[in-house]
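Student: predicted coordinates and the sequence they were generated for:
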Amino acid sequence: MAYKESLSYLKSLNPSSIRLGLEPILSLLGRMGNPQESFPSVIVAGTNGKGSVAAILASILTAAGFKTGLYTSPDLVDFRERIRIDGEMISPKEVVDCLHDVKSHVTQTVSYFEFITAMAFSHFRRRKIDIAILEVGLGGRLDATNVVNPLVSVITNISREHEEYLGNTLAKIAFEKGGVIKEGGACVTAASQKPVLSVLADICRQKNARLFRLGNDFTTRKKKDAVFSYRGLQRNFSSLRSPFTGIHQIANAALALAAMEVISSAGARFSVSDEAVIKGLRAAQWEGRLEALGRSPLFIVDGAHNPAGVATLVRALENDFTYRKLVLIFGVMGDKNYRIMAKRLFPLADRIVLTRPPSERSLDPQVLAALASEFIDKVEILEEPENALNRAFFLAGEDDAICAAGSLYLVGEIKRVLGKAKPHGHPSKTNARKVNNSAKK
């Protein structure tokens, strides 16, 4: 089976389907010889910021000289973005090899996410990594990644999402995400709501696990721009630079640092120097989150796809960027709380171009148009993201900003339109300008 055929096979497993439960993945991994047990790991759960924390921690451990696997979802442009070692994507040949390995052990129905999670474990075992950083797909307790006994469990933050799967209260959602905390383990979190902390503390007491909280057990202080100080569990840093835009990324960096401290305290095996911390923060990369793809006009893409993510995006647009007018490209999945997202984001825009992300779960832009009319008169619908992008560039002046948000699927499609398939490095200003110019002809 060639690489393209492998991708076609994976697509046949219905990537949009969601199935929670550990029995199928445990059964499959058992037949594979339990590759997930061949390396230590860290698991990262939460509502927002999971990918950023995982990417920062992986970068720090790589800078420290450890062969570090990183498993994240979803991909934006290339499937291979999901599985990386020391920042390098799995190769097409390795995709084929790992697919064959997993497929040869399938004896019952396996979901798309279960299958590719097994592929990641297969790849990490084959390459003999030192440690894996695993981003939870959905929830935690019943997610396919939650088959490891991690050195530390990270829970970034918790807000209401996927309520049909996780429950309709913060306490219920916290219970599901807190399922990544293991017996005798450790949990690092930035969660702050009382009902959430109560649930996490109860889980830690029941499992004899340690709980470390941002703002209590470790703290940060913003200095200027992206520079911050970190007072940690055992180590302190006076001037670190957040690798990503937005004040919320300082909290994500702090979570990665606290997780690194827990790992380091487990023994000399994962000792990380101050130099490695600084180098790793500087080298960390994570696409599609407040990512600037061009200037004049400022062009930002952000994968905010729930109310908490949109609230963070709004703060960044108000505080971290300078522009005259804002042209918003917006598309969202129908199963998201798009009404609250629209209420928070739409009032910031001077023009709105509504579109449809490339997914069968995407919301009809006509529904959004009715919401947008409550906040702004200048609303247009262009269902194809490429057409929406061209129109936004036509509308924006050099001192304006364009922001595409609402879905990682939308961000991925826009990056594909721009022809930027590399997961590391940002699309050039030149290509963004080409879109701009072609739109105005």
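Tutor: Sure thing, it's come through.
Student: what is the helix or strand where A55 lies packed up against?
Tutor: Secondary structure from DSSP states H and E places A55 in helix 50-63. If you count contacts as 3 or more C-beta pairs under 8 Å, 6 or more residues apart in numbering; DSSP states H and E, helix 50-63 packs onto strand 41-45, strand 68-71, strand 131-135, helix 248-265, helix 274-283. (Each C-beta comes from the backbone N, C-alpha and C, glycine too.)
Student: same thing but at 10 Å, please
Tutor: Other helices and strands packing on helix 50-63, by 3 or more C-beta pairs under 10 Å, 6 or more residues apart in numbering; DSSP states H and E, are strand 41-45, strand 68-71, strand 83-85, strand 131-135, strand 152-155, helix 248-265, helix 274-283.
Student: tell me which of those sits most buried.
Tutor: strand 152-155 (a mean of 30; mean count of other C-beta atoms under 10 Å).
Student: which of the residues in stretch 108-117 are buried?
Tutor: Within stretch 108-117, the residues that count as buried by 16 or more other C-beta atoms under 10 Å are 110-117.
Student: go on, stretch 173-188?
Tutor: 173-182, 185-188.
Student: cool, stretch 290-308 as well?
Tutor: In stretch 290-308, counting by 16+ other C-beta under 10 Å, buried: 290-294, 297-308.
Student: for the stretch 251-400 of the chain, give me the ranges with low pLDDT.
Tutor: 266-268 (pLDDT under 70).
Student: now do the helices in it.
Tutor: 274-283, 307-319, 338-345, 365-372, 385-395 (DSSP state H, counting those that start in this stretch).
Student: tell me the SS of the residue nearest to A174 when sequence neighbours are not counted?
Tutor: Excluding the flanking residues, the one nearest A174 by C-beta to C-beta, 6 or more residues apart in numbering is V199, at 3.9 Å. Taken by DSSP: H, G, I helix; E, B strand; the rest coil, the conformation at V199 corresponds to helix.
Student: give the contact list for V199.
Tutor: 158, 169-178, 191, 193 (C-beta atoms under 10 Å, 6 or more residues apart in numbering).
Student: domain ranges for this protein, per the record?
Tutor: Domain ranges of the chain: 3-283, 291-440, per automatic domain parsing.
Student: what's the end-to-end length of the first one?
Tutor: Between the opening and closing residues of domain 3-283 there is a gap of 30 Å (C-alpha to C-alpha, to the nearest Å).
Student: equivalent analysis for stretch 129-139, please.
Tutor: End-to-end distance (C-alpha to C-alpha), stretch 129-139: 26 Å.
Student: now that stretch: how far from the chain's centre is it?
Tutor: 12 Å (C-alpha atoms, centre = their mean, to the nearest Å).
Student: from now on call the first residue 53
Tutor: Shifting the count to begin at 53 puts that one at stretch 181-191.
Student: just the pLDDT for the spatially most central residue of the chain.
Tutor: For the chain, the residue nearest the mean C-alpha position is G103 (3.1 Å; C-alpha atoms, centre = their mean). Note for G103: predicted pLDDT of 95.
Student: surely it meets N304?
Tutor: Yes: between G103 and N304 a contact is recorded at 9.1 Å, counting by C-beta atoms under 10 Å.
Student: which residues are common contacts for the two?
Tutor: 208, 338, 341.
Student: and of these, the nearest to R283?
Tutor: Closest approach between the shared contacts of G103 and N304 and R283, by C-beta to C-beta: T208, at 19.4 Å.
Student: separation between that closest one and N389?
Tutor: 19 Å (C-beta to C-beta, to the nearest Å).
Student: repeat for N100
Tutor: Applying C-beta to C-beta to N100 and N389 gives a distance of 13 Å.
Student: mutual contacts of the two, please.
Tutor: 211, 213, 357-360, 362.
Student: would you format the helices and strands packed on helix 102-115 as JSON lines with distance to V419 included?
Tutor: Listed next are these as JSON lines, based on distance: least, C-beta to C-beta, whole Å:
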{"stretch": "strand 93-97", "distance to V419": "31"}
{"stretch": "strand 120-123", "distance to V419": "34"}
{"stretch": "strand 135-137", "distance to V419": "35"}
{"stretch": "strand 183-187", "distance to V419": "30"}
{"stretch": "strand 204-207", "distance to V419": "33"}
{"stretch": "helix 300-317", "distance to V419": "29"}
{"stretch": "helix 326-335", "distance to V419": "41"}
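Student: spatially nearest residue to the residue nearest to the centre of the chain (excluding sequence neighbours)?
Tutor: Of all residues not flanking G103 in the chain, T124 sits nearest, at 5.3 Å (C-beta to C-beta, 6+ apart).
Student: list the contacts of the one you found.
Tutor: Residues near T124 by C-beta under 10 Å, 6+ apart: 96, 102-103, 106-107, 110, 133-136, 172, 185-189, 338.
Student: which of N100 and N389 has more neighbours?
Tutor: N100 (25 against 18; other C-beta atoms under 10 Å).
Student: let me know how buried the closest residue to the more buried one other than its chain neighbours is, in neighbour terms.
Tutor: What sits nearest to N100 in space, not counting adjacent residues and going by C-beta to C-beta, 6+ apart, is G361, at 4.9 Å. For G361, the count of nearby residues is 24 (other C-beta under 10 Å).
Student: pretty sure G361 sits against D354.
Tutor: Yes: G361 lies in contact with D354 (C-beta under 10 Å); the separation is 7.9 Å.
Student: now for these two: what residues contact both?
Tutor: Common neighbours of G361 and D354 are listed as 341, 457-458, 460 (criterion: C-beta under 10 Å, 6+ apart).
Student: just among those residues, which is most surrounded?
Tutor: Taking other C-beta under 10 Å as the neighbour criterion, G458 ranks highest of the shared contacts of G361 and D354 with 33 neighbours.
Student: nearest residue to that one other than its sequence neighbours?
Tutor: G458 sits nearest to V384 (C-beta to C-beta, 6+ apart), 4.0 Å away.
Student: ok, now how distant is that neighbour from V188?
Tutor: Taking C-beta to C-beta, one finds V384 at 22 Å from V188.
Student: what of S459?
Tutor: 19 Å.
Student: cool, A172 as well?
Tutor: For A172, the distance to V188 - C-beta to C-beta - is 13 Å.
Student: V279 now?
Tutor: From V279 to V188 the distance is 30 Å (C-beta to C-beta).
Student: compare those two (neighbour count), which wins?
Tutor: Between V279 and V188, counted using other C-beta under 10 Å, V188 has the larger neighbour count: 27 against 14.
Student: kindly state the beta-bridge partners for the spatially closest residue to the more buried one that is not a sequence neighbour.
Tutor: Sequence neighbours aside, A97 is the residue nearest to V188 in space, at 4.2 Å (criterion: C-beta to C-beta, 6+ apart). Under the criterion DSSP bridges, A97 forms beta bridges with I207.
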